[in-house]
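Peer 1: got a sequence here, can you model it:
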Amino acid sequence: PDDPDKTRAVAIAVNKNLDASHGGQSNLVVKEGNQTIGESDSILSLLTRLIAGVAAISLIVAGIGIMNVMLVSVAERTHEIGIRKAIGATNRQILEQFMIESTVLCFFGGVLGVGVAYAVQISLKLATNLQPVITWQIVVASLFVSTVVGVVFGTIPALKAARRDPIEALRSE
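Peer 2: Numbers count the residues shown, from 1 in each chain. All right, here's what the predicted structure looks like:
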């Protein structure tokens with residue numbers, strides 16, 4: 001209708017006409033615009049929660065991968081850790097070294113992810129009518145989250161490296 005206040009009346013009239021033309025056996029329902037908007041909102045909310053869940057699982061899997069890489073790095077560099085400790089490196093210095101490594105690894109992984117996102121955005125713009133937008137806030141947030149994943153999941157390997165006994169570390173090869 002021309003007047004938005006008449007929407008309900010028009011929907012009721014259309015429903016009555018459908019029922020009359022189908023002998024009262026109509027399974028059709030006429031919905032008002034605000035009803036379909038509510039349904040669309042609920043579907044979008046569900047999809048948003050689904051995507052957030054997949055993203056959370058992906059971050060946990062990525063974090064476990066980072067932790068495994070760092071644990072292998074600590075295991076392979078046991079002799080180096082022993083030498084550093086023997087010449088006076090403190091536990092804190094060893095901890096900082098491995099924390100910085102995991103943080104930098106994740107930060108540059110985030111930079112690579114942002115680069116891939118921009119490439120996908122350009123591809124979508126060229127291949128379809130979609131116009132995706134990547135704002136600077138999204139870029140900053142994604143780099144922050146990837147860095148936090150590096151800090152959180154790099155802590156255990158860094159603590160393991162820092163707590164190594166220098167004598168045992170020097171004996172291993």
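Peer 1: what's the helix or strand for the residue positioned nearest the centre of the chain?
Peer 2: Compute the mean C-alpha point of the chain, and by CA atoms, centre = their mean the closest residue is residue 55, 3.9 Å away. Residue 55 is part of helix 33-76 when elements are defined by DSSP states H and E.
Peer 1: which elements pack onto that helix?
Peer 2: Helix 33-76 sits against helix 91-127, helix 136-162, with contacts defined as 3 or more CB pairs under 8 Å, 6 or more residues apart in numbering; DSSP states H and E. Bear in mind the C-beta positions are built from the backbone N, C-alpha and C, glycine included.
Peer 1: and the residue lying farthest from the centre of the chain, helix, strand or coil?
Peer 2: Going by CA atoms, centre = their mean, the residue of the chain most distant from its centre is residue 23, 53.6 Å out. Put simply, residue 23 is coil when judged by DSSP: H, G, I helix; E, B strand; the rest coil.
Peer 1: quick one: mean pLDDT for stretch 66-79?
Peer 2: On average, the pLDDT along stretch 66-79 is 92.
Peer 1: next: stretch 108-115.
Peer 2: Confidence over stretch 108-115, taken as the mean pLDDT, stands at 95.
Peer 1: so how far is that stretch off the chain centroid?
Peer 2: Centroid separation for stretch 108-115 versus its chain: 13 Å, with CA atoms, centre = their mean, to the nearest Å.
Peer 1: what of stretch 75-92?
Peer 2: On CA atoms, centre = their mean, the centre of stretch 75-92 falls 35 Å from that of its chain.
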